[in-house]
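below are the sequence and a predicted model; questions follow.
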Amino acid sequence: MLELAILGFLYDASLHGYELRKRIAALTGHVKPVAESTLYPAIKRLEKAGWLRRETQPGAVAAPRHVLTLTAEGRTELRRRLAEPAELDLSDENRWFTLLAFLRHLGDARQEAAVLRRRLAFLEQPASFFYDGDRPVRAEELDDPYRRGVLTIARATSRAELDWLRGTLKELGDDPDAK
């Protein structure tokens, strides 16, 4: 998720590390804050892979700063990761939101629709946070108001996303209701 966010934000513009960290925190920080001890090793891995490069520029007031720029190979890697997301990238909401934030960089409506269809298929499977054996438990079956709240909120969120997915697929020329 972190590497995808780094590649995605650098696809948009060259950034220095502090600005990149702020943008990643804005996207994912409420879930998992981005520590320098996590960000900078990830940047070094991507730099070593040839997917980004670091240039030193003079600072306006302070010391020189390192500006990160995505390479052509980095753009290709970002598009590959977007077009071929792992199952966890589709099923984990936080990873999904990170992928979704940069999906437009695929630049191909068919590829974008294929990713959205995979998420749609995941959401259409019966699921719950709570089970009775192998059977998903519905909110209406629970006496516990807090667990009922979890399921009620999750259901509303899923319905909103399903509506958005179906509408966006139609906009991309891939009507999920026509098949």
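Sure thing, it's come through.

which residues sit in contact with P85?
P85 makes contact with L99, V115, R118 under the criterion C-beta atoms under 8 Å, 6 or more residues apart in numbering. Backbone N, C-alpha and C define where each C-beta goes, glycine included.

which helix in the protein has the most residues?
Taking DSSP state H as the criterion, the chain has its longest helix at helix 145-171.

contacts for stretch 7-23, please.
With C-beta under 8 Å, 6+ apart as the criterion, stretch 7-23 contacts 5-6, 24, 34, 36, 39-40, 43, 46, 51-52, 57, 65-70, 74-75, 77-78, 81, 98, 101-102, 105.

and the contacts of P85, which are buried?
With burial judged by 16 or more other C-beta atoms under 10 Å, the buried subset of the contacts of P85 is L99, V115.

what helix or strand does the most centrally placed residue in the chain sit in?
Central residue of the chain (C-alpha atoms, centre = their mean): T98, 1.7 Å from the mean position. Assessed by DSSP states H and E, T98 sits inside helix 93-102.

mind listing what's buried in that helix?
Applying 16+ other C-beta under 10 Å to helix 93-102 flags R95, W96, T98, L99, L100, F102 as buried.

quick one, domains of the protein?
Structurally, the chain divides into domains by automatic domain parsing as follows: 2-81, 108-178.
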